[in-house]
Each structure stands twice: as structure tokens, then as C-alpha cells.
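Participant: need a structure here:
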Amino acid sequence: MTVRLAVLLSGGGRTLQNFIDLIAAGKLDASIEVVIATNPLAGGIERAKRAGIACQIVDRRGWGSDEAFSEAITSVLDGYEIDLVLLAGFMRRYLFPERFTGRVLNIHPALLPRFGGKGMYGHRVHEAVIAAGETESGCSVHLADLDYDTGPVLVQKRVPVLPNDTPDTLADRVFAAECEAYPEAVRLMAARLGMASS
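Facilitator: You can find the predicted model right below:
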């Protein structure tokens with residue numbers, strides 16, 4: 001049985017594109033039912049359109065609270081048959097309903113629990129890793145809960161931090177690891193949910 005995905009994003013959609021490409025190549029038994037973007041200018045919207053995927057915008061600036069914003073996201077998701085919700089560069093907290101518990105995944109560009117939490121996203125994470133003198137970084141896919149970057153870790157991939165790394169060069173290496181880790185976590189969850197995923 002094909003695992004049905006919703007992808008929530010705020011930016012360029014590189015993670016979305018990775019899933020689109022893997023599914024098209026027959027390397028992941030999944031379908032992306034809907035993409036939800038929090039920014040009407042997000043590059044991921046065009047990627048979804050090119051792939052023929054339904055895309056809806058829930059502008060994060062249009063809601064006075066995380067609760068109201070989250071209810072709007074859930075309202076969109078309720079219009080689709082979804083097995084897993086993937087947070088993919090999603091820049092606002094999603095307070096999902098209890099029925100989604102254990103079905104919302106997030107990817108973080110560091111080895112959680114280190115370098116996680118509120119305000120730790122994107123280049124801020126890589127800057128912090130380098131500033132701390134770490135020799136290793138990576139990415140973590142975890143089951144989301146209602147806090148930032150907590151919840152059980154499903155998959156981690158490690159990459160070296162090189163002496164001459166900048167946040168950009170480290171980000172590139174970590175993103176390459178993310179492209180392996182996130183699909184691996186989807187396959188793991190599909191197996192747990194009793195679905196086949198190649």
C-alpha cells in the first residue's frame with residue numbers, strides 16, 4: 001500500500017523535490033497528496049505545481065496565534081487522505097490534533113538533542129555547530145510533538161565538520177544526508193503502519 005504524504009514547507013522546497021524525484025524514480029512507494037506552504041512566495045509552490053501536486057497556501061502572517069494557524073493547517077489536511085505529515089523547512093510551530101500524534105515527522109539539520117530548540121533552524125544551526133568547535137554534525141528525523149525539536153528520533157545521519165567549513169559548506173553536506181535520512185524515516189514509518197514502501 002502506498003504511503004500518502006502531506007508536505008508542509010515555508011521555503012524553496014528542496015526537500016519536497018527530493019521526495020518528488022524519489023517517487024518518480026520508483027525508489028519510494030509514496031504519493032504526495034498535498035503541499036501546504038506558509039509563504040505565498042515559497043519556491044516549493046512552483047515545484048509542487050510542476051509535479052502536478054495540489055498546493056495550498058496558509059500564510060503564516062494571517063493568523064494571530066499558533067493555535068489559529070495550526071487549526072487552519074489541520075483544516076486543509078482534513079480535505080485529504082493522509083498517512084504521514086512531513087515538516088520540510090516549515091518555519092512555524094504546528095500544534096497538530098491528537099489524532100495526528102505519531103504521524104507528523106520533522107527533519108532537523110543537527111544531531112538532536114544538540115543544537116535544537118526554538119530559534120535553532122537553517123544556518124543558525126550550522127553557525128552554532130561551527131562556533132562550538134564540533135567535529136561532527138548531521139541531521140535528525142524525529143516524530144514531532146508540540147514543542148520544538150523534541151519527540152523520538154527515528155533516523156540520524158552523521159557528517160564530518162571540516163576545519164575550513166563555513167555554514168554554507170556544512171549546510172550542503174548536511175542536506176545531502178537529509179536526502180537519505182528523510183525517505184528512510186518514511187519507509188520506517190510505513191513499515192510501522194503496516195504499509196509496503198520500496
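Participant: next one: stretch 185-198 to chain centre, how far?
Facilitator: 17 Å (Cα atoms, centre = their mean, to the nearest Å).
Participant: whoops, I mixed them up, stretch 149-164
Facilitator: 14 Å.
Participant: just the C-alphas of that stretch, formatted as CSV.
Facilitator: This file holds the C-alpha atoms of stretch 149-164, laid out as CSV (Å, rounded to 0.1, in the frame of the first residue of the first chain):
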residue,chain,number,x,y,z
ASP,A,149,12.8,19.6,18.1
THR,A,150,11.8,17.1,20.8
GLY,A,151,10.0,13.9,20.2
PRO,A,152,11.6,10.5,19.5
VAL,A,153,14.4,10.4,16.9
LEU,A,154,13.7,7.9,14.1
VAL,A,155,16.8,8.3,11.9
GLN,A,156,20.1,10.2,12.2
LYS,A,157,22.9,10.6,9.6
ARG,A,158,26.3,11.9,10.6
VAL,A,159,28.7,14.1,8.5
PRO,A,160,32.1,15.5,9.4
VAL,A,161,32.7,19.1,10.2
LEU,A,162,35.8,20.1,8.4
PRO,A,163,38.4,22.6,9.6
ASN,A,164,37.7,25.1,6.8
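Participant: any buried residues in that stretch, and which?
Facilitator: Buried residues in stretch 149-164, defined by neighbour count with 16 or more other Cβ atoms under 10 Å: Asp149, Thr150, Gly151, Val153, Leu154, Val155, Gln156, Lys157, Val159, Val161. Glycine gets a C-beta too; all of them are placed from N, C-alpha and C.
Participant: report the two of those residues separated the most.
Facilitator: Largest separation among those by Cβ to Cβ: Gly151 and Val161, giving 24.8 Å.
Participant: which of the buried residues of stretch 149-164 scores worst on pLDDT?
Facilitator: On pLDDT alone, Asp149 ranks lowest of the buried residues of stretch 149-164, at 85.
Participant: need the contact list for the residue nearest to the spatial centre of the chain.
Facilitator: Geometric centre of the chain, nearest residue: Ala88, 2.6 Å, by Cα atoms, centre = their mean. Ala88 makes contacts with Val7, Leu8, Leu9, Gly13, Thr15, Leu16, Gly44, Ile107, Tyr182, as judged by Cβ atoms under 8 Å, 6 or more residues apart in numbering.
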